[in-house]
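>>> please find the sequence and the predicted model below.
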Amino acid sequence: MLAKQLKSVFQEISQVYMTLLKVMVPAIIVVKILDLFGGTQWLAEMIAPLMQLVGLPEQLGLVWATAILTNIFTAMVVFVDVTAQLELSVAQVSVIGILILLSHSVPIEGAVAKMVGVSWRLTISLKLGGGLLLAAVVNWLYTALDYQQQTAVLLWQNERQEQTLMQWGIEQLQMLLGIFFIISALIILLRVLKKIGVESLLKKSLSPMFKLLSITKDASNITITGITLGLSYGAGLLISEVKKGNIGKKDVLLSISFLSLAHSLIEDTLLIILLGADVMAILWMRIIFAIIIVALLAKYIAFKEVIQLNNLSKSQ
């Protein structure tokens, strides 16, 4: 019996991990090639004018571009380098922090979301459009209230170092290996939580929020995982449930949409706080924004379903 359960767990881990690898590895390689040929710098020049719309110096376009194509940590390193000669307020750091948090790792997270049926158009709209919208709202609000206009204090320093391709390759292999162990731990943990009843308790405690977002109980526990750990892990676990037929397309769409705007709330938030950002903006306003946007998306989907049913009944 135990051997059968272990075999089942290992098969599920292998299935989820290999599916993620098929998406993530090509995305990582493409991003690196783009960076080697100046893709990051080109994107930075393209989006630099947008920085003025959210009250930031144009130089921070490079930070946002780096986040979009790579990850939060790399964007932080570029931030320290770019802002060495700039004096930013807490409000401004909070604004760029929001752009980093919502828009990072678009190629990888977009590819993972696509794997479970969420279109690139929606992912890019949420991560880039949503990031820019929330950044503009926070900039307007903090400016109007004259809030957090004091100079930000950087709590983290890291020298920017050039990597060889070998060093980069080793770093990516370490990251991919780490994902295997995290996926393994998550799948085992979810089975244990379900066995001892904690899963049901979590679902009940967060049911008001998920009800507002029209996310059913079947997808809620995995959404919680994504909220705490990250979109890729949440989507990775959704793969297994979708293949089993346990979660519908609407749940997947709403869950991934929420995770695109609010995921890895603990680790990512702490990282951006180290840059001198205000937790009110980068955590609480981000959560509220995600709830509003996904609730509106759920209403829109429900409206479309009603229209389709009406059209179907008329045609019959």
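Cool, got the structure.
>>> rest of the way, CA atoms for contacts and neighbours
OK.
>>> quick check: pLDDT value at the residue nearest to the spatial centre of the chain.
Note on the chain: the residue nearest the mean C-alpha position is residue 260, at 4.2 Å, using Cα atoms, centre = their mean. Residue 260 carries a pLDDT value of 89.
>>> which element is it on?
Assigned by DSSP states H and E, residue 260 falls within helix 249-261.
>>> now swap in residue 74 and tell me
Taking DSSP H and E as the definition, residue 74 sits inside helix 72-82.
>>> pull that helix out as CSV, backbone CA atoms only.
Once non-C-alpha atoms are left out, helix 72-82 reads as follows in CSV (Å, rounded to 0.1, in the frame of the first residue of the first chain):
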residue,chain,number,x,y,z
ILE,A,72,13.2,40.3,-9.1
PHE,A,73,16.7,39.7,-7.8
THR,A,74,18.4,40.8,-11.1
ALA,A,75,16.2,43.9,-11.2
MET,A,76,17.2,44.7,-7.6
VAL,A,77,20.9,44.5,-8.6
VAL,A,78,20.3,46.9,-11.6
PHE,A,79,18.2,49.2,-9.3
VAL,A,80,21.2,49.6,-6.9
ASP,A,81,23.5,50.3,-9.8
VAL,A,82,21.1,52.8,-11.6
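>>> for it, the distance to its chain's centre please.
Distance of helix 72-82 from the chain centroid (Cα atoms, centre = their mean, to the nearest Å) equals 18 Å.
>>> helix or strand next in line after that helix, which one?
For helix 72-82, the following helix or strand on the C-terminal side (DSSP H and E) is helix 90-103.
>>> that following helix vs helix 72-82, what angle?
Angle of helix 90-103 versus helix 72-82, following axes from the mean of the first three to the mean of the last three Cα atoms, to 10 degrees, is 150 degrees.
>>> who does helix 90-103 touch, helix- and strand-wise?
Helices and strands touching helix 90-103, by 3 or more Cα pairs under 8 Å, 6 or more residues apart in numbering; DSSP states H and E, are helix 61-69, helix 72-82, helix 130-144, helix 267-273.
>>> my read: residue 68 touches residue 101, true?
No - using Cα atoms under 8 Å, residue 68 is not in contact with residue 101; the gap is 9.6 Å.
>>> the two - which one has more neighbours?
The neighbour comparison of residue 68 against residue 101 (other Cα atoms under 10 Å) goes to residue 101, with 30 against 26.
>>> and that one, how close does it get to residue 251?
Residue 101 sits 23 Å away from residue 251, going by Cα to Cα, to the nearest Å.
>>> check which residues of stretch 19-32 are buried.
19-20, 23-24, 27-28, 31-32 (16 or more other Cα atoms under 10 Å).
>>> right, and the helix or strand after the helix ranked longest in the chain?
Assignment by DSSP state H gives helix 2-36 as the longest helix of the chain. Moving toward the C-terminus from helix 2-36, the next helix or strand (DSSP H and E) is helix 39-53.
>>> on that earlier part again, OK, contacts around the residue nearest to the centre of the chain?
102, 123, 126-127, 231 (Cα atoms under 8 Å, 6 or more residues apart in numbering).
>>> now the residues you listed as TSV including pLDDT and neighbour count?
TSV is the format used below for the contacts of residue 260 (pLDDT from 0 to 100; neighbours: other Cα atoms under 10 Å):
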residue	pLDDT	neighbour count
102	95	28
123	93	24
126	95	23
127	95	27
231	68	27
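>>> CSV for these, including secondary structure?
Formatted as CSV, those follow (DSSP: H, G, I helix; E, B strand; the rest coil):
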residue, secondary structure
102, helix
123, helix
126, helix
127, helix
231, helix
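>>> residue 156: which of these is nearest?
residue 102 (20.7 Å; Cα to Cα).
>>> the closest one and residue 129 touch, don't they?
No - Residue 102 is beyond contact range of residue 129, at 9.4 Å (criterion: Cα under 8 Å).
>>> picking that back up, quick one: which two of the contacts of residue 260 are the most distant?
126 and 231 (13.0 Å).
>>> burial measure for residue 92, as a count.
Neighbours of residue 92 (other Cα under 10 Å): 28.
>>> likewise residue 195?
11.
>>> returning to what we had before: deepest of the helices and strands packed on helix 90-103, which one?
Per residue and on average, the most neighbours among the helices and strands packed on helix 90-103 fall to helix 61-69, with a mean of 27 (mean count of other Cα atoms under 10 Å).
>>> just checking, what packs against that helix?
Applying 3+ Cα pairs under 8 Å, 6+ apart, we find helix 61-69 packed against helix 39-53, helix 72-82, helix 90-103, helix 106-115.
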